[in-house]
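In: Sharing a model prediction with you, sequence too.
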Amino acid sequence: MRIWIDVLTPKQVLFTEPLVDELKKLDHLVYVTSRHYREVESLFKKSPFDVFLVGKHGGGLLYEKLLASSERVHKLAELVNRWEPELSIHFGSPEGARVAFGLKIPQICIHDSPHSESVNRLTLPLVDHLVTPSVIPYNAWKNYSFMRKNITRYDAIDPAVWLKRRKVEKLNLGVFGADPNRRTITVRYEESYASYLLDKDKEWGTTVIDALSSKFPEYNLIVLGRYEDQILRLTEKYGDKVIIPKDIVDGASLLKSSDLFVGMGGTMTEEAALLGVPTISAFQGANLYYISYLVKEGLVVKSKGIDHLLRAAETLLTDEIARKQISERAKRTLQKMEDPVKTVLSVVIQFKKS
């Protein structure tokens, strides 16, 4: 089959690479599209296959999001119409869903974010089949017109795709200017331009950084930004007080080198937990089912405010018995997870038969 995959975020790149590899082994012809977006472009530069960059990220303003999406639909329609794919795969792409629906291309959506309401309302009603982690209950998707028979689930969370396929080595933190004699706290800044965070506290991210830098001045504090302007603002605010890498970092290796991770999003929080790094979720949006699952597994602490976050951080940094237990628990948890790519391939086969 001719298969078109649309990829929008760094996590989706990491999921797509082994998926494309497996599809090609089965003699499928695969086309991959993405958009101009700092982290995605950098990751794709290392990919062994061609990627067609179409359109751009819309930023944090609603009008700019609408305009960028509209322009991307137009450009994708022209490109995809020439390819004439027989199947579309995306991860909740509004433009991918609209173009596939308009050209009558069957769609598989790989998705773990029922909380992303704006995106889901634009995509899921157009999708033929949803592939999602089993930690997300079927009823989480009921508001998007999805019947249970059109949902296939895998017993894993998404980072299992790449963490099961590589041996993660530690980074030399000295390249970032970190003191090798100090312990390290890594923070992943929030995705402030995401539609589900536009109405949230704009100062939450800097409040977290301020609190950590004041409480733990003897630690290396590394903050990973997402967008160029976000990184610029953080650098202007903090200067040399915290370490803010300008270039793209191997996230898993950085996490492996960290003594504590504080995540304001989803994917790196999942990665850190499965790597056995003591982890705090400081996400300020709606309930994330996979984070709740990791909390129940004893791999993540959910922040209940700044004071709670600091108390949890101090415990996780100093309780060596707890740290060892987390590491051992993470290994068992990752080991028992299945490979989500195999689940996606089983659904692709169903469409090939039909």
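Out: Happy to help now that I have it. Residues are numbered from 1 along each chain as shown.

In: Check the gap between residue 187 and residue 41 for me.
Out: Going from residue 187 to residue 41 by Cβ to Cβ, to the nearest Å gives 23 Å. Bear in mind the C-beta positions are built from the backbone N, C-alpha and C, glycine included.

In: OK, contacts around the residue lying closest to residue 83 once chain neighbours are set aside?
Out: Spatial nearest neighbour of residue 83, excluding adjacent residues (Cβ to Cβ, 6 or more residues apart in numbering): residue 31 at 5.4 Å. By Cβ atoms under 8 Å, 6 or more residues apart in numbering, the contact set of residue 31 is 2-5, 52, 80, 83, 85.

In: try 7 Å this time
Out: For residue 31, the contact set (Cβ atoms under 7 Å, 6 or more residues apart in numbering) comprises 4, 83, 85.

In: With residue 167 instead?
Out: Taking Cβ under 7 Å, 6+ apart, we find residue 167 in contact with no residue.

In: Verify the stated contact: residue 295 with residue 302.
Out: Yes - counting by Cβ atoms under 7 Å, residue 295 does reach residue 302; the two are 5.3 Å apart.

In: related to what we said a few turns ago, who's more crowded, residue 187 and residue 41?
Out: Taking neighbours as other Cβ atoms under 10 Å, residue 187 and residue 41 compare with residue 187 leading, 26 against 15.

In: Is that one in contact with residue 211, as I believe?
Out: No - Residue 187 lies out of contact with residue 211 (Cβ under 7 Å); the separation is 10.6 Å.

In: what's the longest strand in the chain?
Out: strand 29-36 (DSSP state E).

In: And it, what's buried?
Out: Neighbour-count burial for strand 29-36 flags 30-35 (criterion: 16 or more other Cβ atoms under 10 Å).

In: gap between the residue nearest to residue 148 when sequence neighbours are not counted and residue 114?
Out: The spatial neighbour of residue 148 that comes closest, neighbours along the chain excluded (Cβ to Cβ, 6+ apart), is residue 138 at 5.2 Å. From residue 138 across to residue 114, the span is 10 Å (Cβ to Cβ).

In: ditto for residue 217
Out: 40 Å.

In: what about the stretch 51-200 of the chain, any weak spots by pLDDT?
Out: For the stretch 51-200 of the chain, the stretches with pLDDT under 70 are 192, 194-199.

In: What are the boundaries of the strands in the stretch 151-300 of the chain?
Out: Listed in chain order, the strands of the stretch 151-300 of the chain (DSSP state E, counting those that start in this stretch) span 151-154, 184-188, 220-224, 260-263, 279-281.

In: Include distance to residue 133 when you put those into JSON lines, please.
Out: Below are the strands of the stretch 151-300 of the chain laid out as JSON lines (distance: least, Cβ to Cβ, whole Å):
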{"stretch": "strand 151-154", "distance to residue 133": "6"}
{"stretch": "strand 184-188", "distance to residue 133": "20"}
{"stretch": "strand 220-224", "distance to residue 133": "24"}
{"stretch": "strand 260-263", "distance to residue 133": "17"}
{"stretch": "strand 279-281", "distance to residue 133": "16"}
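
In: Out of those, which gets nearest to residue 323?
Out: Closest to residue 323 of those, according to Cβ to Cβ: strand 260-263, at 9.4 Å.

In: If you count contacts, what does the helix or strand residue 89 falls within end up packed against?
Out: Following DSSP states H and E, one finds residue 89 within strand 87-90. Using 3 or more Cβ pairs under 7 Å, 6 or more residues apart in numbering; DSSP states H and E, the elements in contact with strand 87-90 are strand 2-6, helix 94-102, strand 107-110.
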